[in-house]
Structures are given as C-alpha cells and as structure tokens.
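*Asks:* return atomic coordinates for the entry below.
(chains A and B)
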2 protein chains.
Amino acid sequence: MKYTGELKVDSALGVTSPKGFRAGAAAVGVKEGSDELDVAVLACDVEATAAAVFTQNKLCAAPVLVCRDHLGKRAGVRAVVANSGNANAATGRQGLADAREMAGRAAERIGCAAEAVLVGSTGVIGHLLPMEKIRAGIDRAVANLAAGPGADLAFARAIMTTDTVPKQAGVQIELAGRTVTVAGATKGVGMIAPNMATTLGFLTTDAAVESPLLQDILRRAADATYNCLTVDGHTSTNDMLCILASGLGSEGAAPMAAGSGEAAALEAAVTAVCDCLTLQIIDDAEGATKRIEIRVTGAATDDEARAAARAIANSPLVKCAFFGEDPNWGRIVSAAGYAGISSGPETMRLALGGLVIFDRGAPVQTDQTQLKAVMAARQIDVHLDLGAGAGRARFLTCDLTYDYVKINAEYTT
Amino acid sequence: MKYTGELKVDSALGVTSPKGFRAGAAAVGVKEGSDELDVAVLACDVEATAAAVFTQNKLCAAPVLVCRDHLGKRAGVRAVVANSGNANAATGRQGLADAREMAGRAAERIGCAAEAVLVGSTGVIGHLLPMEKIRAGIDRAVANLAAGPGADLAFARAIMTTDTVPKQAGVQIELAGRTVTVAGATKGVGMIAPNMATTLGFLTTDAAVESPLLQDILRRAADATYNCLTVDGHTSTNDMLCILASGLGSEGAAPMAAGSGEAAALEAAVTAVCDCLTLQIIDDAEGATKRIEIRVTGAATDDEARAAARAIANSPLVKCAFFGEDPNWGRIVSAAGYAGISSGPETMRLALGGLVIFDRGAPVQTDQTQLKAVMAARQIDVHLDLGAGAGRARFLTCDLTYDYVKINAEYTT
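*Replies:* Sure thing, here's the model as predicted:
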C-alpha cells in the first residue's frame, strides 16, 4: 500500500514492542458461552503522552464519554482497559458508572489515578456490562501484565468480536539517532464505516512526543487510513483510536517539534501502522471474499473525491457485483453519480484493474478474458477519474456476501 | 397506510382506467434470452397535460435527458414509450440518439410530434440499446394499443426488471360532481433509493388540471411516497415518475385552481396511488421477506427526522437483523446516531411493533414472547421518537437477505 513508503511494517510487532508497555488479558465469559479472551489491559510503566480520536456517532458509548472526560482532565495516561462481547452503549447512567468503575479498578490495581486510565468496549449494544465478570477480568489481566509476543497477541485477541484473526502491526524507525517503535492492535469487522475513527485501535510508541503534536499526527493518520475504510457504512457507537507514547525509546533526545523531520518520520510510521491495521480489518471483514481498493482522482475537490469513493464503497449493488465477480461497472459510475459530485459522465473514466471500461460518457470495448481475470482476483483496484480537477481520495472496502448476511442475521440474541 | 385516508385504492385499476388512455406492449428480446414483454407504449387520445420528476443522479440516463428536453419544450404529451432490459444509461451520444429515435418512432406511428412523447428505460447500465429489436417493439406495441385490464397488465409487465409481479393501482374520486380516476404502474425492485423520484412510475388521470399545478401535486406526492422508499440506498440513473392528465373525466368543469378543494382531493388521490405503488415495490423488493415501516417523530426538524429514518432504512446491519428476526435494536438507535441529528440518546425512545425497548438512553425490559411475535411478522413497525421537537418522517424499507445478494451477484453478465 502506498502509505507505507519505504517503511517495513511487521505484523510480528505488537502493542508491547515499544519500550515501557506491558499487556495482559483474561477470559471471563463477557462473550457469553465462550472461553475466549474478553478483557484486556495495556499498561505503561511511565506516564505516557496520549492522543485519541473517537466516533462521531451521537449515541456514543459510555467508554467513549469516559475517555473524553479523562483526556480533557490530563494528557498523561498510564493504562487502557478494554473488553469485548459488550459495547456498553445505549446503557444510560448505569453504563456510565460501569465504565468509570472499569477505569477506577484498573487504576487501583496498577497504582495510578483513575483519570490516567482509558476505557474501550466493543460488542453488542444495549446490554449492561456483567460487572462481576469484568471486575474479575481486570484483576486477572493486571496480574498477568507482561511484554513480548505472547502478551501482544493476547491483547489483540481479547478485543476481537466477529474477527477471525487477531490484528496487529508495528514498524521501527530511526529518530535523531535512536531506534523507536510504533505498534498497534485493532479489531473489526462489522459496523465499520469511516467517521473520524472507526472500530477500536490501540497504538503504542516509545517515541518522545508531546500530546498536541501526537494528536495532530494521529488525526491525520486516521484520516488517511481508518476514515477511508468501510465494511457496511454503519458508524459504530464505540469507535476509538488512541496512541500512547512512553518516550522511553528517545531518552535524552531534544523534544520533537511540529513540522520537523522527526515529526514527519513519526507520522509516516503511525500512518504505516494504521494502514496495515486497516488492511487487516478489510481482509477479515464480515463474510468478505475480496479486498476492493477504490481510488477517485480528477475530482473538483478532495471532498468530492471522497464522497464519490464512499458512495461506491457503500453501495450494496457494487459490493454484490464484486462478490459475483461480475464487471457490472454501471453500478460503480452510477454510485459516483448520486454522491453529489459537480462533474458529469462526459469527463469520467473508469478502470478496473487497469483496464479502461468507461470513457467520457460511453462504454469502451474491453478484452473480456482480461476483465474476467481482474474480477476473479482476491484484490480488485477500482480507479475512477472524474476529469474535472485535482481532487483525490482512496477508500478500502470489501464485497457483500451471503456470509455477511448470515453473520449479521444471527449475531446476538 | 395513512396517506390513503378514506380513499379506496384498487390494484385492479391500471394506466388505461382513466378516460382517454390506451396501452400496448411487445416482447422483442431486449431482455436477453427471455420471451417476456419488454417494450411498452402508453398513449393518450388527446394532448395530455404532463408533469414529471426525475433522478438527481449526475449520471442521468439518455431517456431522462430526452424527457427533460421534451417537457421543457411543451407541456402537452401524447405518449410514453418505455423498455425494460436495458437502461440506456452511460451510453454517450449514441445512447442519446437512440432515446430520441424511440420517441420519434413512437410519435410517427401514433401521429404526433416527437416532442410530445416521453421515454423511459430500465435495466442494465452501460450497454447500447438493441435498436432493431426496439424499433420492432415500438411498432408492435403501438399496433396493439388498447384500453382495459389486459392492456393495463401488459404495460405493467413490460416495464418489469427483477420484479416478480406487475405493480399497478388506481383510485376514483369525485371532483366537482364528476368521477375522475387516478391510476398508475411502476416497477422496482433493486437500485432503489429516494432522491426526488425513484424507479419508473407512470401515472394517468382523466382529471382536468394544468401542468404547473400538476407538477406541484406530483412533487409533493413523490416526496411523501417514492422519496421515502429505499431498498438498497443506490439512487438509479433512470428514475422517473410522470403523470399524464387527459382531462376527459372532467369535461365541462371549470379549471382547477391551486389551493382549491379539488386540487387537494386530486393530490390526495395521486398520493394514495403512489403510496400503494411504493408498497408494492417494497413487498417485491429484491430478496426481501419483510416490509419495514420506519417512523421518526420528535426530531428537531423534518430534515433531521428524514435523515435518521433514511440512515436506519439503509443500514445493512439493521436490515440483516430484521431478516434474522433478531430484535437487535442497538443497531437502530446507533444508525440514528450517525445520521447527523442534533439530539442525543437521553431523550430517545424506540418502539418495535408498539413495544418500547429503549427509553431515554437506557434499555427497557420487554416481554420477550411479545417481542418475538413482532419480529416474526411480515410487516414490522419501527417508531423512534427523538424527544427533541416536532419534526417527523416516514420511510419504507425491507430486510437484507441471502436472496438480495444472490440476485445482485448474478444479475447481468
């Protein structure tokens, strides 16, 4: 993917790869009838600078409210506590009290202020958390805090819902003569649609960076990756992407300045990790059999490019056609057509896998054998040039399949 | 449905029920490998006043361009010619020439100006019309123009694509002591999403009404019915809803004035017919097993209510849950949450089939047996009260099923 540039992203690296982080997890039955891990704690040995982006859903979940509150009170964070199997969303006052109790209990066990703990939840909406299980889970997760590949994977597994594989990635870069690491874990794989942040993502780094700069870096990285991702167009109530920076890999280095080469290098690394994590989400998207990368260029503005790319990515008709390996490109150009773009078909050009099939308002004869091969591939590149300006955008999505319907008709009750 | 009021809508009435209209159809293989009807002509014995609303898709199809052109030149219409099996969209200059030729040929056979003919096409996007077949179809359709139930059904059948049943409806009302009829035919049942008009709909009436008033009536009726309908959120390139008024049922009556009781009665009748037609579309929606009626009340504005209703109606997660008969209401309130509404969960109330399950931010204990019965029904009423104002909206949609995926993964090539 283009955002990685020269960076070598490694999915063997995880949240404890940067210096100063430990993770622990426990299986306590929040995922009912399951013995899978469902409570996780990520702790930093020192006070980490932190940044986060959250869902824009009006119905944001209790853990999101608690995180916003805590980050407003202090920039330093010592831990994140998370659970899967229950979103603690649409749960009213009791839900808020429960989210606060999660932070408070983790803080007590770790030995820090409750406001230094962030909380994340994911799973079904509208059910109160089973707090006895959660309490036991937090205690056990803190008790087994450790660094290393086992702890990384346990953390990544404990935040999974309908995910079939854990998702993590990391990258190492040189900053002012020191090797620093950026890593993260995330989950998918339904109720995924871009709006500031999507799904849960927890990033760590041992770079030394102040909170305002870290927030800028995270916002731009999320905008280029997580916010260009859609499985089903449904923006979750619990979306949260956060990054904790321990500073322990840059000890003795001068503070990083906004606009510096170091800041750019760190942003590239954070973006590369986010990009790899979002690809892992798409590749594990509910029921998906294909990864679809949509590029829109030549739009009047970047916003128009993004609107067109999003409309294509969210159209069930487009997604079903890809599942059927049917080059029904009329659905793609017509989706762009209702996205509110200012240009018309007379300047449009569409290519699938590099094969042009629609040019300036009219169909183009294409080699059907080649086109069939493009449609049969696991990854399909869609390039729509609107021929009207310099605006561009990229979106990642997947196909819509029987299994998506099956998973979401049967999930929950 | 509420819009019908006291009106008795009758699906035995069709496009030729109003005085002055005749219809004809032919099967000429535009639908490849099929012997189903695919070309239709609707003719009026006199010059009818006409009104129409069209797709807002930037990539609007050639027949839409031709209709806009013709209606801009003259208000009087003598005929509509339509085909299924090919949308004549994204077909460039040749497509535009073909659409003009359709109008011209029908005009010649009927004996009127080409500008007095409207054109509608529906089917696959991006293929040139097979004009030899189309020409033969127009000739045969004009040759068998007739009035009566057989002609009505032939017309309704000839505009079907993935529809499994023809869709028509009519109503009779008294206007100034005379009985006038409003009737129509429409088709669905995929690429259906509201934006001014949706799908193809052809209405006829023998009321006497001038074009500007007719256009106002049609616009409001479409807004209350067709524009509150979604199967898959994908606004077609060919959407068109038109009405022709022969005036032959009101001969001798004084001209109808805007704001008069007669105009209100006619609008109620047009709305009732549109409402019945949209219900037929939903009930035949691709792969659907359930009709979902979504009412949003208590919104800050009608626009917010509509945005929330549309987001719920378009969410694949909501639609899959209904297919699975799973009362996973968190998906409903969270869809409203990302629709850009200004109020939050603390004033929200959600009822499914009259059973309140979410109230002011928190879940409500509900009788599970009753809830199960609600979810098992063929029609499910969703009522979301935002508790923030007087804005309201209604949307119709259906569930998302294996068969929707099957139909749209296999349609076309």
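
*Asks:* and the helix or strand harbouring residue A:121, what does it pack onto?
*Replies:* Secondary-structure assignment from DSSP states H and E places residue A:121 in strand A:117-124. If contacts are counted by 3 or more Cβ pairs under 8 Å, 6 or more residues apart in numbering or on different chains; DSSP states H and E, strand A:117-124 sits against helix A:62-73, strand A:76-86, helix A:92-110, strand A:200-205, strand A:240-245. C-beta here means a position set from N, CA and C on the backbone, and glycine is covered the same way.

*Asks:* could you check the angle the fourth one makes with helix A:62-73?
*Replies:* Orientation note: strand A:200-205 sits at an angle of 30 degrees relative to helix A:62-73 (axes from the mean of the first three to the mean of the last three Cα atoms, to 10 degrees).

*Asks:* close to chain B, is strand A:200-205?
*Replies:* No - Strand A:200-205 does not reach chain B (Cβ under 8 Å from any Cβ of the partner chain); its nearest approach is 15.2 Å.

*Asks:* so for stretch A:157-177, mean pLDDT?
*Replies:* For stretch A:157-177, the mean per-residue pLDDT is 89.

*Asks:* again, but for stretch A:266-279
*Replies:* The predicted confidence, averaged over stretch A:266-279, sits at 89.

*Asks:* so how far is that stretch from its chain's centroid?
*Replies:* Relative to the mean C-alpha coordinate of its chain, stretch A:266-279 is positioned 10 Å out (Cα atoms, centre = their mean, to the nearest Å).

*Asks:* cool, stretch A:292-303 as well?
*Replies:* Its chain's C-alpha centre and that of stretch A:292-303 lie 21 Å apart, by Cα atoms, centre = their mean.

*Asks:* how far away is residue A:293 from residue A:175?
*Replies:* Separation of residue A:293 from residue A:175 (Cβ to Cβ, to the nearest Å) stands at 30 Å.

*Asks:* which one's more surrounded, the two?
*Replies:* The neighbour count for residue A:293 versus residue A:175, taken as other Cβ atoms under 10 Å in any protein chain shown, is higher for residue A:175 (23 against 20).

*Asks:* burial count for the residue nearest to the more buried one when sequence neighbours are not counted?
*Replies:* Leaving out its chain neighbours, the residue that sits closest to residue A:175 by Cβ to Cβ, 6 or more residues apart in numbering or on different chains is residue A:262, at 5.0 Å. Counted with other Cβ under 10 Å, the neighbours of residue A:262 add up to 23.

*Asks:* list phi and psi for residue A:262.
*Replies:* The phi and psi torsions at residue A:262 (degrees, to the nearest 10) take the values phi -60, psi -40.

*Asks:* please tell me I have it right and it contacts residue A:173.
*Replies:* No - counting by Cβ atoms under 8 Å, no contact exists between residue A:262 and residue A:173, whose distance comes to 9.4 Å.

*Asks:* mind checking how far the closest residue in space to residue A:116 that isn't next to it in sequence is from residue A:110?
*Replies:* With Cβ to Cβ, 6+ apart as the measure, residue A:78 is the residue that lies nearest to residue A:116, at 4.2 Å, once sequence neighbours are left out. When distance is defined by Cβ to Cβ, residue A:78 is 6 Å away from residue A:110.

*Asks:* what sits in contact with each of those two?
*Replies:* Between them, residue A:78 and residue A:110 share these contacting residues under Cβ atoms under 8 Å, 6 or more residues apart in numbering or on different chains: A:43, A:117.

*Asks:* of those two, who's got more company?
*Replies:* A side-by-side neighbour count of residue A:78 and residue A:110, using other Cβ under 10 Å, places residue A:78 first with 23 against 19.

*Asks:* could you check how far that one is from residue A:304?
*Replies:* From residue A:78 over to residue A:304 the distance is 43 Å, taken as Cβ to Cβ.

*Asks:* and residue A:31, by the same measure?
*Replies:* Going from residue A:31 to residue A:304 by Cβ to Cβ gives 42 Å.
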